[in-house]
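S.K.: All I have is the shape, not the residue letters:
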């Protein structure tokens, strides 16, 4: 897969007219129309291409929606402030206090980064590939190749099946499309950090949602793991109001007509206290259709008065958010393709010791 150039011309000045809520009509990037499928052993070799029409169609649409989410004024401001934050990785023992998340609302717009964001919105090139080797996550972006988003096979398979059955159940299709779009928005956050001049190339520890940091296990004699932030989850928190998860039907449920069928979407909050609610189909459609006022539904709120306290423990399509996201601090896990980065939930906040982050081959963003 060809990687896009990392060079960003500063002139001529990018126009931003007619680019308020939608992807600009005169984009200068090449729209991806073929989606590689990599080998299952994690070697990064292309073995096939997505040829299922439903999967192909839903993936193209999800990419366009993810772009719109990141490049609308709300998404632009969130990412701009996040990319302006700096800070070294932290080394934490199990009982050490965790970083206090950055309050993005209190920050000003970084004009230099803003210029490059708007360049990327119109010119930025990235690719999406299907990676069957992913086991312990749902998608990732490698720091060495920030122009490529890897997504897990079953994420796309579920969305494709929902697309193919949309004439029977359009609601589930809409939920599956939004779920895939949010996953790509999450990963596009990492893509942009890898590209933008002026943005720190690894996520500062303060850029996370207060729950999930990115843990790094080193074998070079350091006594404790290091932690970076997790900008994708922070983007979901500020953009959507919390983490978005697709709930799955149980194996014996009468409505489970295929594996990976969504029963609905939920929004999970962890701050100031854990609670969750079902995302209304009306709001889902508003976001997907991109009407003039679509951004007004964000951050998402419950349409009814029903919110549920605690953490939803149901089976999820983005299972990594459940199994890894709630792994006790200090636990270990082998991440996809032998890479070192895993996500670990942390809930306490406070002061922390900042040290220089050691470099390792194959870092993820």
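M.R.: In hand now; what should we look at? Just so we're clear, the structure is a prediction, and the values are computed from it rather than from any experiment. Numbers count the residues shown, from 1 in each chain.
S.K.: Could you report the separation of residue 274 from residue 310?
M.R.: Residue 274 sits 5 Å away from residue 310, going by Cβ to Cβ, to the nearest Å. All C-beta spots, glycine's among them, are computed from the backbone N, C-alpha and C.
S.K.: can you give me the strands in the stretch 251-365 of the chain?
M.R.: 262-269, 275-278, 308-309, 341-345 (DSSP state E, counting those that start in this stretch).
S.K.: what comes up buried for stretch 66-74?
M.R.: 66, 67, 68, 69, 70, 71, 72, 74 (16 or more other Cβ atoms under 10 Å).
S.K.: ditto for stretch 177-194
M.R.: 177-194.
S.K.: repeat for stretch 47-66
M.R.: Buried, per 16+ other Cβ under 10 Å, within stretch 47-66: 50, 54, 55, 56, 58, 59, 61, 62, 63, 65, 66.
S.K.: starting at the chain centroid, how far to the host helix or strand of residue 115?
M.R.: Residue 115 is part of helix 111-123 when elements are defined by DSSP states H and E. Distance of helix 111-123 from its chain centroid, counting by Cα atoms, centre = their mean, to the nearest Å, is 20 Å.
S.K.: Quick check: next helix or strand after that helix?
M.R.: Next along the chain from helix 111-123, counting by DSSP H and E, comes strand 127-130.
S.K.: list the helices and strands that following strand packs on?
M.R.: If contacts are counted by 3 or more Cβ pairs under 8 Å, 6 or more residues apart in numbering; DSSP states H and E, strand 127-130 sits against strand 36-38, strand 148-151.
S.K.: What strands line up against the helix or strand just after the shortest one, and which way round?
M.R.: Heading C-terminal from strand 36-38, the first helix or strand you meet, by DSSP H and E, is strand 46-49. The strands that strand 46-49 pairs with in its sheet are strand 36-38 (antiparallel) (by DSSP bridges).
S.K.: what sits up against the partner strand?
M.R.: Residues from elsewhere that reach strand 36-38, judged by Cβ atoms under 8 Å, 6 or more residues apart in numbering: 1, 44-50, 127, 129-133, 150, 153.
S.K.: Take the buried residues of stretch 66-74 and lay them out in a markdown table including distance to residue 83.
M.R.: Below are these laid out as a markdown table (distance: Cβ to Cβ, whole Å):
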| residue | distance to residue 83 |
| --- | --- |
| 66 | 17 |
| 67 | 17 |
| 68 | 19 |
| 69 | 16 |
| 70 | 12 |
| 71 | 14 |
| 72 | 16 |
| 74 | 15 |
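S.K.: Closest one of these to residue 278?
M.R.: Of all the buried residues of stretch 66-74, residue 69 has the smallest distance to residue 278: 20.2 Å, by Cβ to Cβ.
S.K.: and that closest one, that's in a helix?
M.R.: Yes - counting by DSSP: H, G, I helix; E, B strand; the rest coil, residue 69 falls inside a helix.
S.K.: And it, how far from residue 279?
M.R.: 15 Å.
S.K.: closest to residue 159 out of the strands of the stretch 251-365 of the chain?
M.R.: That would be strand 262-269 among the strands of the stretch 251-365 of the chain, by Cβ to Cβ, at 8.9 Å.
S.K.: strands paired with that closest one, and their directions?
M.R.: strand 243-248 (antiparallel), strand 275-278 (antiparallel).
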